[in-house]
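**Q** pasting the structure only:
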């Protein structure tokens, strides 16, 4: 049985240690990337987005519009920078639009 700490700690510190101890960072990053995609690219892109997932620092985005896919392919570097800045850490290295 673990010894109970009587020190007052910030809830942020407790939650971050819980996430780290239980290896939940990848799952949370996946959720955060999806939320950042919706927030940063807006409703116009979101209407044509069918799936967003993060795997090994690569963001896979399924789009139902080939025209939008072509348009977004020109701005991949900017999208990567926007999402990484939004999350405050380097989560994405590459984007694959399908």
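**A** Arrived safely, thanks for sending. Model, not experiment: these values are computed from the prediction.
**Q** middle-most residue in the chain, spatially?
**A** Closest to where the C-alpha atoms of the chain average out (Cα atoms, centre = their mean) is residue 33, at 1.6 Å.
**Q** got the buried residues for the host helix or strand of that one?
**A** Using DSSP states H and E, residue 33 maps to helix 25-46. For helix 25-46, a neighbour-count test (16 or more other Cβ atoms under 10 Å) marks 29, 30, 32, 33, 34, 36, 37, 41, 45 as buried. All C-beta atoms are positioned from the backbone trio N, CA, C, and that covers glycine.
**Q** So of these, which two are at opposite extremes in space?
**A** Greatest spacing in the buried residues of helix 25-46, by Cβ to Cβ: 29 and 45 (20.3 Å).
**Q** Where does pLDDT dip in the chain?
**A** Scanning the chain for pLDDT under 70 picks out the ranges 1-6.
**Q** That one: strands as residue ranges?
**A** Assigned by DSSP state E, the strands in the chain fall at 49-55, 58-63, 94-97.
**Q** Summarise which helices and strands the longest one is packed against.
**A** Spelled out, it's strand 49-55. The helices and strands touching strand 49-55, judged by 3 or more Cβ pairs under 8 Å, 6 or more residues apart in numbering; DSSP states H and E, are helix 25-46, strand 58-63.
**Q** With the second one instead?
**A** In terms of contacts (3+ Cβ pairs under 8 Å, 6+ apart), strand 58-63 is packed against helix 25-46, strand 49-55, helix 66-73, strand 94-97.
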